[in-house]
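*Asks:* Kindly return the folded structure for what I paste below:
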Amino acid sequence: MTKRQRQEFIFVFLIFALVLFMLIVSHDYHPLAKQFPQRVAGVVLILLVWELAVMILRRGEKKEAPKKNELFEELPRKTLIRRWLAIGLSLAVYVLLLPTLGFIVMTSLFMLSLLWFFDMRRPFLLLLYTGFTVGTLYMVFVKILYVPLPSGVLW
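*Replies:* Numbering: from 1, shown residues only. Below you'll find the predicted structure:
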């Protein structure tokens, strides 16, 4: 077992311990209040079991030298810094305006602006991705997990 594989196993078991702690702590919560942490813990446990199975199955494989990924372009350092700054600034504006404008409006503006900044210029795809993501997040949090999202003054 390589050092990297040991580190991965340790990371998986630390997350597993954290999830078990979250389950134990939330056990005495009100029935409605404990639904969210228990569902999140269930999803994380399923993903951890999956990751552990993949790690065990590839344990004996020899790794090849990493190939250059054709999906990711090599960007100049200046462009990367500009992109990280744009993400950080967008997140700060998002967090500041979220209580005022609400989840649906602010998340839509946040996604549209970042997609536009990262050169997604086709209006149909911009609206499709944004609508699908915001709709999915709304359904998961409000309808399935019963977690209220900020409504703001506009929504």
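*Asks:* Can you tell me which residue is spatially central in this structure?
*Replies:* residue 137 (11.0 Å; C-alpha atoms, centre = their mean).
*Asks:* what helix or strand does that one sit in?
*Replies:* Remark: residue 137 resides in helix 123-138, with elements defined by DSSP states H and E.
*Asks:* and this protein, what are its domains?
*Replies:* 3-57, 90-155 (automatic domain parsing).
*Asks:* Compare the mean pLDDT across those domains and name the weakest.
*Replies:* The minimum mean pLDDT among the domains of the chain belongs to domain 3-57 (a mean of 88).
*Asks:* Need the distance between the two termini of that domain.
*Replies:* 17 Å (C-alpha to C-alpha, to the nearest Å).
*Asks:* Tell me how far the residue nearest to the centre of the chain lies from residue 23.
*Replies:* 24 Å (C-beta to C-beta, to the nearest Å). C-betas here are computed from N, CA, C, even on glycine.
*Asks:* ditto for residue 102
*Replies:* From residue 102 across to residue 23, the span is 32 Å (C-beta to C-beta).
*Asks:* ok, now residue 33?
*Replies:* Residue 33 sits 14 Å away from residue 23, going by C-beta to C-beta.
*Asks:* So those two - more neighbours on which side?
*Replies:* Neighbour count, other C-beta atoms under 10 Å: between residue 33 and residue 23, residue 23 has more, with 17 against 12.
*Asks:* quick one, phi/psi of the more buried one?
*Replies:* With angles defined as degrees, to the nearest 10, residue 23 sits at phi -70, psi -40.
*Asks:* That one and residue 17: what is the separation?
*Replies:* With the distance defined as C-beta to C-beta, residue 23 ends up 11 Å from residue 17.
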